[in-house]
Each structure stands twice: as structure tokens, then as C-alpha cells.
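K.L.:
sequence plus the predicted model coming up.
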Amino acid sequence: MNVNEAKDVLTIEAEGILAVRDRLSEEFEEAIKLIMACPSRLIITGIGKSGVIGQKISATLNSTGTPSFFLHPVEAMHGDLGMVAATDVVLALSYSGETNELNALLASLRERKVSIVAMTGAKHSTLASFADVTLDVMVPKEACPLGLAPTTSTTATLALGDALAVSLLKRKQFRAEDFRRNHPGGSLGERLKVDVSEVMLSGEKVPRVDITSDVSSAVQELNDKNLGAVAVVNSDDILEGIITDGDLRRLLIQEKPLDFYEIGNVMTKNPVTINKDIMAADALSIMQSKEVTVLPVVDSQRKLLGILHLHDLLGKGEFRFLI
């Protein structure tokens, strides 16, 4: 294929997307409202190339704040239909609208009163008759010169799926930090661009004991929270110190019972702390320079707000200092 032929394909597919855009109507808004009102999940289904497109749409929805999963029509009819609840919304993909396996599934879903949104190039098809809302993805022609292989039609379906995902993202006020939270396996650089407040542990997840507690209580909290350190606070939740696994190991070799020690004499007083508004990258630099793996997060009065572990910055399995 020479360059001009490639340009022709891209032009045909671009024209297909524009044709779908120009026909968008209030039904798109109805689909958005139906999905926004769904209290559970959006289920994507389709077979063949439509199924492949459906899997990609599902992945995009999941990463942008709309919980979804892909359901294969054949597997659904052999037991996986049990994954679908009456409160779910189904997005069904078929350009012809006459895919037997898909329509058999949709007939069962209608009996269960499941809401259905169809994406099809045939508004008067069997698929459309099952749907509460039908989104028209008809294109002028396929890029395939034989008119057989789904090309323009699958591109247009994928693009309309992206339009759904982005519209839902905006309705839900999904933020960049939400996206990063859904991508903990992303690049380290992206994970470190957020404020400490977005990655720190807070509330009941923070290991803490009162300064009047005994050392055994600190050991129990260390075991329960499994972060390698426990913050010591007073009755106003002001940070007084920190006790680490290493501190306790040093106590154990003294051959005295733990209750022999007062917690104030065991903890490290005035530990290194950070503010919740500093960048995660700066927190990592502090950990590296101080050779610590846990940092209490406090306000200007040293009230404990949370705790940051190296794992929260680097991710599990990447537990190492950067050089």
C-alpha cells in the first residue's frame, strides 16, 4: 500500500466519524443519563471485532471513573449471565444489529429488566428493538475496498465509546489525581507529581498509639497495620514521637519484658515529618536523605494527619532508594 492509499483509508475513516458526529442526537444524552443513574456497573458486550472494540471501551471507562466489565455473549449464555444484576446497564455493540449470539443474550437480559444501550449501524435492527436507547454508528462506507472487513465502522464505534467515557468523566468531575490513583502501575514520574495528601494513609489506616499506652499496645498496632512504624500521639492527636520495628528489636535483646519500658522512653522524639501539601517527589527526596521509609504527615501544630510509606511512592515490588 502506498502513501496515497493509506491517506485514502484515513480519510474514509475520518469521514465515518464525522458522519456519526453529525447525527448525534438527544439519544446520546439519554444514554449518559441512564449510565449516570446506574447504581452498579456498566456491562459491555459484543462479539467478533465489536467484542474487541467493546473490551477497549470497557478499559477506558474503568480508568476514567465508570466501573465496567466486558461480558462475552457466548460465555454469558453458558453461566456468566449470573454476573449481571438487574441494576446494571448493558452497552451492546453490533454494527449489523443482527448478531445471533448477542441478540439471544439481550433477549434474556430484557426478561431480567436490565437497561440496554445499543451501538449499531442499523437503527431498525433486532438489537435496536431490544434497547432502551440506540446510538447510531452507521458510516458511509468501510475503508476495506471489498466492503467486508469492519474498518470504518469499528473506528466510529470506538470513537463514540470514547465520547461516552469523556462525557461521563466530566459529569462525575473525575480529576487527574483520580486517574493516577487508578493507574498505580504507571510511570514513577507520574506517581510523584501529586501532593502527599493524595497518596498518604489517613484515618483508621494510620498506625498510632497514645503516649500513655504501654509498649505492648504499640507492638499490636505495628502488627495490625504492618507499616513498620507506629506514631505516638497525645490526647489532642499531636505527634509526640514514633516507634519503629527497629526500636522494638533493640528492646527485645535487652532480655526484659516489654511492659518494663515506658512508651515515652522507647519512641524517637521529634521524628522527621512532612506537610500534606508538599509534592510526593519532595517527600521521596526527604526519605532518601534521611534514610527512612516512613514519614508522619502533620499540620503546622504537629497534629497527625496521616502517614506516608515508601511503598505508596514507589509501588509494591519497587522497594528501593533511588540513586
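P.N.:
That came through fine. Numbers count the residues shown, from 1 in each chain.
K.L.:
and Val89, how many neighbours?
P.N.:
Residues near Val89, counting by other Cβ atoms under 10 Å, number 22. From N, CA and C alone the C-beta is placed, and that goes for glycine too.
K.L.:
which strand residues bridge it?
P.N.:
Taking DSSP bridges, one obtains Leu42, Ser115 as the residues bridged to Val89.
K.L.:
hang on, isn't it packed against Met36?
P.N.:
No. Under the criterion of Cβ atoms under 8 Å, Val89 makes no contact with Met36, lying 9.7 Å away.
K.L.:
what ranges do the strands span in the stretch 101-250 of the chain?
P.N.:
115-120, 133-136, 208-210, 229-233, 239-244 (DSSP state E, counting those that start in this stretch).
K.L.:
so which of those is nearest Met200?
P.N.:
Met200 lies closest, by Cβ to Cβ, to one member of the strands of the stretch 101-250 of the chain: strand 229-233, at 12.1 Å.
K.L.:
list the helices and strands that closest one packs on?
P.N.:
Applying 3 or more Cβ pairs under 8 Å, 6 or more residues apart in numbering; DSSP states H and E, one finds that strand 229-233 contacts strand 208-210, helix 215-225, strand 239-244, strand 304-309.
K.L.:
can you tell me what sits against the longest one?
P.N.:
When you say that, I think you mean helix 215-225. 205-209, 228-230, 232, 243, 245, 248, 251, 258-259, 261-263, 266 (Cβ atoms under 8 Å, 6 or more residues apart in numbering).
K.L.:
repeat that for the shortest one.
P.N.:
Surrounding strand 208-210, the residues in contact under the criterion Cβ under 8 Å, 6+ apart are Ser217, Ala218, Glu221, Val230, Ala231, Val232, Val233, Asn234, Ser235, Ile243, Ile263, Leu304.
K.L.:
now those: which count as buried?
P.N.:
Listed as buried from the contacts of strand 208-210 are Ser217, Ala218, Glu221, Val230, Ala231, Val232, Val233, Ile243, Ile263, Leu304; burial here means 16 or more other Cβ atoms under 10 Å.
K.L.:
separation between the closest residue to the fourth one other than its chain neighbours and Asp245?
P.N.:
In space, Val230 comes closest to Pro207 once its chain neighbours are excluded; the distance is 4.2 Å by Cβ to Cβ, 6 or more residues apart in numbering. Pro207 is 11 Å from Asp245, where distance means Cβ to Cβ, to the nearest Å.
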